[in-house]
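Participant: The following block contains a protein sequence and its predicted model.
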Amino acid sequence: MEIKAIITDLDRTLLRTDKSISAYTVEVLEKCRERGIFVMTASARPLRDIRDFERLFRFDAVTATNGAVIELPGRRLEYGISPGSGERILEGLLRFPDVFLSVETSGGLYSNREIPEWEPVVYKDFPKLPENVMTYKILASSGERELYNGIGTVLTDDVYHTVSNRDLVQIMSTAATKWNGVCRMLDRFGISSSDAVYFGDDNDDIEPIRNCGLGVAVSNAISAVMETADCIADSNDEDGAARFIERNILG
């Protein structure tokens, strides 16, 4: 197979655990571009956070917020949760004890508590949603197991959920998936998924790993991802994605 595109998750995949991207990784990605290989990312992070890493390396296309936002050259696609569904879901979530809620929107992050590292707008009006913004994603966590055991009872038919890092519930529109983002990015450049390699580590990476021509899990990935992947790379703290690219694609 001829690799024409590399798509990678960020956290716990391309980024080290301390959220840095190594000079070595940047160098390898630049070599891909010199070879005419497109380099893209599909991440749970919002677009504003991905911009920080693009100071080091500019991706050819970006899928952000688990697929709720897809940025292509000259065009942006958005797939949000409807206001009615969002407010019904939030009302249900607030019934769980000690629930920590955040909503990622086109106007930034709103949360019912302070999060110093994320600097959200502290918002006390849930389940009412902020006005004049699109809701991309609802996030929920709790120290009690009731939330995780009962999450299916509060979801509407037009959304789905994943659990990241085993404790963060992420709720998105059914149209907002990483795989949908990958398809849109590849279509923009006229590339078949069979000519793409995907790197990931968590639940929302399983579908693109399964459906791209080559699916690669880093060795720190959850077991379900490693069982799905075609290959296992070194861990994120060992620059596993970049080393795999250098050995098996550039080499």
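Facilitator: Received, thanks. Numbers count the residues shown, from 1 in each chain.
Participant: Output the lowest-mean-pLDDT helix or strand in the chain as PDB - backbone C-alpha positions only.
Facilitator: Ranked by mean pLDDT, DSSP states H and E, the helix or strand of the chain with the weakest confidence is strand 159-164, at a mean of 92. What follows is strand 159-164, C-alpha atoms only, in PDB (Å, rounded to 0.1, in the frame of the first residue of the first chain):
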ATOM      1  CA  VAL A 159     -26.400  11.600  20.400                       C
ATOM      2  CA  TYR A 160     -23.800   9.000  21.500                       C
ATOM      3  CA  HIS A 161     -21.300   8.900  24.300                       C
ATOM      4  CA  THR A 162     -17.800   7.600  25.000                       C
ATOM      5  CA  VAL A 163     -15.800   7.400  28.200                       C
ATOM      6  CA  SER A 164     -12.300   8.800  28.000                       C
END
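Participant: What strands line up against that strand, and which way round?
Facilitator: Taking DSSP bridges as the criterion, strand 159-164 forms sheet pairs with strand 168-173 (antiparallel).
Participant: residues of the strand it pairs with that come out buried?
Facilitator: 169, 170, 171, 172, 173 (16 or more other Cβ atoms under 10 Å). For the C-beta atoms, the positions are set from N, CA and C on the backbone; glycine is no exception.
Participant: what residues does that strand touch?
Facilitator: Residues outside strand 168-173 that contact it (Cβ atoms under 8 Å, 6 or more residues apart in numbering) are 44, 65-68, 79-82, 89, 136-141, 147-148, 151, 155, 158-164, 204.
Participant: Equivalent analysis for stretch 11-28, please.
Facilitator: Residues contacting stretch 11-28 (Cβ under 8 Å, 6+ apart): 8, 41, 43-45, 53, 56-57, 199-202, 205, 218, 220-221, 236-237, 239, 241-243, 245-246, 250.
Participant: For it, C-alpha coordinates in PDB please.
Facilitator: Extracted as PDB, the C-alpha positions of stretch 11-28 are listed here (Å, rounded to 0.1, in the frame of the first residue of the first chain):
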ATOM      1  CA  ASP A  11      -3.400  13.200  23.700                       C
ATOM      2  CA  ARG A  12      -1.600  10.000  24.800                       C
ATOM      3  CA  THR A  13      -0.700   9.300  21.200                       C
ATOM      4  CA  LEU A  14       1.300  12.000  19.400                       C
ATOM      5  CA  LEU A  15       1.700  14.100  22.600                       C
ATOM      6  CA  ARG A  16       3.800  12.900  25.500                       C
ATOM      7  CA  THR A  17       2.100  12.500  28.900                       C
ATOM      8  CA  ASP A  18       3.200  16.000  29.900                       C
ATOM      9  CA  LYS A  19       1.300  17.300  26.800                       C
ATOM     10  CA  SER A  20       4.500  18.200  24.900                       C
ATOM     11  CA  ILE A  21       5.400  17.400  21.300                       C
ATOM     12  CA  SER A  22       9.000  16.500  20.900                       C
ATOM     13  CA  ALA A  23      11.400  18.100  18.400                       C
ATOM     14  CA  TYR A  24      12.000  14.600  17.000                       C
ATOM     15  CA  THR A  25       8.300  14.100  16.300                       C
ATOM     16  CA  VAL A  26       8.000  17.500  14.600                       C
ATOM     17  CA  GLU A  27      11.000  16.700  12.400                       C
ATOM     18  CA  VAL A  28       9.500  13.400  11.300                       C
END
